[in-house]
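Engineer: Fold the following and give me the result.
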Amino acid sequence: MKAIIIAAGQSNRLKPFTNNIPKCLLDVGGRTILQRQLDVLRQCGIDDISIVRGYQGGLINYPNVKYYENTDYENNNILGSLFYAASEMDDEFVFSYSDIIYGESTVERLLQSKADISLVVDTDWMPRYEGRLLHPIDEAELVKGKGNRIIKIGKRICVPDKSYGEFIGLAKFSKSGAEILKSNYRRAAIKYRGKAFQQAALFENAYLTDMMQELIDRGYTIQGVGITRGWIEIDTPEDLERAQESWTK
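Structural biologist: Predicted coordinates for the structure are as follows:
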């Protein structure tokens, strides 16, 4: 099993903390966010790890990790970043945002899924948004499902109180799932280059969730792997303060 972590963004909402470093290198309880991810992935038996770097990427320099450089990080987004590491998608792999902290139990639950494409979804997500003023609910990547099958995903497209949960930024693709992702990305890159794509104003600015909705619309099955809390996203100074309080304990 491989893992690909996307750590290319500029993290403007976390300034001034990210004026000189990428947010994945922010300290939470004596370890960086990224170090916490690497530790958890390795504890779950995932040692083949790649990181896609961009903003201040030279500062991300952990041993025994492969690196890919997103040289156009100012003009693209998570989906584009992922495909700088396309050569790593020759077999099953775990995908992770670099600004989330999660535990072993979350990764282990994801690894148990037999689906070709599995997304971790927090089904008890709403309490996290109480008092979260700098990252409102309409920024959440919400999921609507039929059972565990995801039928809708993205920002501002699901009614919060009718949502199955929130995609946390952690996913798994089987070998077949990786092929589905790659072939549909190549098709979409040709068809939508310079055009709107799902919720993105331009294909080049698409999120992973935009591609997931594209796959759903084309009839592919996306499986939700439900969890209840046990993770945190760090996108604003408010989030960082909360993380330092809760994860230090």
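Engineer: buried residues in the host helix or strand of G177?
Structural biologist: Assigning secondary structure by DSSP states H and E places G177 in helix 175-191. Across helix 175-191, burial judged by 16 or more other CB atoms under 10 Å covers G177, A178, I180, L181, Y185, A188, A189. Backbone N, C-alpha and C define where each C-beta goes, glycine included.
Engineer: Let's have these in TSV, adding distance to E104.
Structural biologist: Shown next, in TSV, are those (distance: CB to CB, whole Å):
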residue	distance to E104
G177	23
A178	23
I180	28
L181	25
Y185	30
A188	34
A189	35
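Engineer: got these as CSV, with pLDDT columns?
Structural biologist: CSV is the format used below for those (pLDDT from 0 to 100):
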residue, pLDDT
G177, 98
A178, 98
I180, 98
L181, 98
Y185, 98
A188, 98
A189, 97
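Engineer: and which of those residues is nearest to I46?
Structural biologist: When those are compared for distance to I46 (CB to CB), A178 comes out closest, at 15.1 Å.
Engineer: List the residues that contact the closest one.
Structural biologist: M89, D90, D91, E92, F93 (CB atoms under 8 Å, 6 or more residues apart in numbering).
Engineer: Give the buried residues for stretch 125-132.
Structural biologist: So for stretch 125-132, counting by 16+ other CB under 10 Å, buried means W125, R128, R132.
Engineer: could the residues you listed go into CSV alongside pLDDT and secondary structure?
Structural biologist: Converted to CSV, the buried residues of stretch 125-132 look like this (pLDDT from 0 to 100; DSSP: H, G, I helix; E, B strand; the rest coil):
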residue, pLDDT, secondary structure
W125, 86, coil
R128, 82, helix
R132, 81, coil
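Engineer: coming back round to it: so among the contacts of A178, which ones count as buried?
Structural biologist: In the contacts of A178, burial by neighbour count holds for M89, E92, F93, counting by 16+ other CB under 10 Å.
Engineer: okay, now the closest residue to D210 other than its chain neighbours: neighbour count?
Structural biologist: With sequence-adjacent residues excluded and distances taken as CB to CB, 6 or more residues apart in numbering, D210 is closest to Q198, at 3.8 Å. When neighbours are counted by other CB atoms under 10 Å, Q198 registers 21.
Engineer: Direction included, what does the longest strand anywhere in the chain pair up with?
Structural biologist: Criterion DSSP state E: the longest strand present in the chain is strand 165-173. Applying DSSP bridges to the sheet, strand 165-173 is found paired with strand 93-97 (antiparallel), strand 117-122 (antiparallel), strand 141-146 (antiparallel).
Engineer: list the buried ones in the last one?
Structural biologist: By 16+ other CB under 10 Å, the buried positions in strand 141-146 come out as E141, L142, V143, K144, G145.
Engineer: Make JSON lines out of those residues and add pLDDT.
Structural biologist: Shown next, in JSON lines, are the buried residues of strand 141-146 (pLDDT from 0 to 100):
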{"residue": "E141", "pLDDT": "93"}
{"residue": "L142", "pLDDT": "94"}
{"residue": "V143", "pLDDT": "94"}
{"residue": "K144", "pLDDT": "93"}
{"residue": "G145", "pLDDT": "90"}
